[in-house]
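Asks: Model the structure of this input:
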Amino acid sequence: MFKKLITSTIAIFSVMLLLTGCDDAKKENQITVGVAAGPYGDMFKQAIAPGLEKKGYKIEIREFSDYVQPNLALANKDIDINLFQHLSYLENFKQARNLDILAVGFVPTAGAGIFSNKITDFSQLKKGDQVTISNDVTNEARALRILQSAGLIKLDPAVDKNNLTPKNIIENPYELEIVPIEAPQTPRSLDNVVLSVVNGNYAIGAGLDLSKALYTEILDKDHKNVIAIRTESKDTLGKDIIDVLKSDEYLQVIEDKNGIFYTFQKPDYQLF
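Replies: This next block holds a predicted model:
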């Protein structure tokens with residue numbers, strides 16, 4: 001009787017271990033992806049998720065309303081991947097917050113543009129017209145560089161390009177009033193201001209036609225979007241993401257001439 005009891009107990013314990021192992025396996029394959037409003041959630045769903053699902057992952061997409069929480073959520077293990085930011089923003093953010101996260105690969109990116117609902121040419125600008133730009137450090141400096149490239153202002157060349165603020169404007173022939181606001185609000189501000197520098201994802205999310213921008217930036221490496229993961233996932237999830245980014249299936253979606261991603265500026269370099 002005692003032997004039977006021992007045998008039964010061992011059998012039950014073995015089944016429990018097996019079930020626990022199955023639960024753990026399910027948890028390991030369940031990943032949550034953080035995106036911001038705009039096209040990158042669609043890019044992940046259409047071009048990247050199918051490849052990861054073939055590798056056995058179950059994917060949940062979570063949309064964030066700002067540029068701060070997706071990286072914090074990634075570091076805190078609330079999500080496993082994010083796709084919303086360019087490389088420069090990621091590097092600055094993780095250093096400032098001491099986060100153990102990294103970029104694993106670039107994706108095609110919609111450049112920021114200068115948009116207007118009130119004028120069709122910069123020659124129509126008047127002195128004192130307002131211009132909204134993103135207020136986070138990285139995108140504020142980026143927006144100011146875009147305004148300079150468009151010939152609207154001149155910036156102090158002695159200041160680091162990544163630390164520029166409106167105080168570093170040394171020439172402003174239109175006496176433009178630069179108004180930093182939250183990045184998601186830039187397209188919504190177009191009814192109240194003359195110009196706004198809008199990041200590509202927010203422009204698309206707001207239904208703006210990228211071809212109607214009065215000026216579009218030419219993206220450098222630092223300002224093309226990246227997929228970010230925790231450093232501890234580099235040799236597991238990271239490798240699987242890389243495999244997908246190299247796949248024909250991924251490229252087929254990206255290169256579809258009838259799709260929105262075809263219009264994005266493509267990366268000609270990789271992190272992996």
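Asks: Tell me if I'm right that S134 and S196 touch.
Replies: No: the criterion here is CB atoms under 8 Å, and S134 misses it with S196 at 9.6 Å. Bear in mind the C-beta positions are built from the backbone N, C-alpha and C, glycine included.
Asks: All the helices of the protein, in order from the start?
Replies: Applying DSSP state H to the chain gives helices spanning 2-29, 40-43, 49-54, 69-75, 87-97, 137-149, 200-205, 237-245, 248-254.
Asks: In terms of mean pLDDT, which of these ranks lowest?
Replies: Among the helices of the chain, helix 2-29 carries the lowest mean pLDDT, at a mean of 48.
Asks: shouldn't D78 be in contact with V33?
Replies: No: using CB under 8 Å, D78 is not in contact with V33, being 11.5 Å away.
Asks: one step back: now list whatever residues contact both of S134 and S196.
Replies: Contact criterion CB atoms under 8 Å, 6 or more residues apart in numbering; residues shared by S134 and S196: T186.
Asks: one step back: I'd like the helices of the chain as CSV, with distance to P267 and mean neighbour count appended.
Replies: Below are those laid out as CSV (distance: least, CB to CB, whole Å; neighbours: other CB atoms under 10 Å):
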stretch, distance to P267, mean neighbour count
helix 2-29, 28, 10
helix 40-43, 13, 23
helix 49-54, 17, 16
helix 69-75, 20, 21
helix 87-97, 10, 18
helix 137-149, 17, 22
helix 200-205, 14, 24
helix 237-245, 10, 19
helix 248-254, 10, 14
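Asks: Of the ones you listed, give the one that comes closest to K266.
Replies: Proximity to K266 (CB to CB) singles out helix 248-254 among the helices of the chain, at 7.7 Å.
Asks: Quick check: which helices or strands does that closest one pack against?
Replies: In terms of contacts (3 or more CB pairs under 8 Å, 6 or more residues apart in numbering; DSSP states H and E), helix 248-254 is packed against helix 49-54.
Asks: which residues touch the helix it packs on?
Replies: By CB under 8 Å, 6+ apart, the residues outside helix 49-54 that reach it are 31, 33, 59, 61, 240-241, 243-244, 247, 249-250.
Asks: Among the residues you listed, which one sits closest to D129?
Replies: Nearest to D129 among these, counting by CB to CB, is I61 at 38.6 Å.
Asks: what is that closest one paired to in the beta sheet?
Replies: V33 (DSSP bridges).
Asks: Domain map for the protein?
Replies: 2-109+222-263, 113-218 (automatic domain parsing).
Asks: So what's the gap between the longest one and the chain middle?
Replies: On the basis of CA atoms, centre = their mean, to the nearest Å, the separation between the geometric centre of domain 2-109+222-263 and that of its chain is 13 Å.
Asks: From T32, how far off is the residue nearest to the spatial centre of the chain?
Replies: Nearest to the geometric centre of the chain sits F84, at 1.4 Å (CA atoms, centre = their mean). In this view, F84 and T32 are 14 Å apart by CB to CB, to the nearest Å.
Asks: Ok, L125 next?
Replies: Taken as CB to CB, the span from L125 to T32 is 45 Å.
Asks: now Q46
Replies: Applying CB to CB, the value for Q46 to T32 is 18 Å.
Asks: cool, and L74?
Replies: Using CB to CB, L74 is found at 10 Å from T32.
Asks: overlap in contacts of those two?
Replies: Jointly contacting L74 and T32 under the rule CB under 8 Å, 6+ apart are 80-81.
Asks: To what extent is T216 buried, counted in neighbours?
Replies: 21 (other CB atoms under 10 Å).
Asks: So in terms of bridging, what pairs with it?
Replies: G113.
Asks: Give the burial count for the closest residue to R145 other than its chain neighbours, as a bare number.
Replies: In this structure, R145 finds its nearest non-sequential neighbour in K161, 6.4 Å apart by CB to CB, 6 or more residues apart in numbering. Using other CB under 10 Å, K161 has 15 other residues around it.
Asks: Does K161 touch E140 like I think?
Replies: No: judged on CB under 8 Å, K161 makes no contact with E140 at a distance of 11.7 Å.
Asks: Might one say that A112 is in contact with A143?
Replies: Yes: in this structure A112 lies within contact range of A143 using CB under 8 Å: 7.0 Å.
Asks: anything in contact with each of the two?
Replies: V197.
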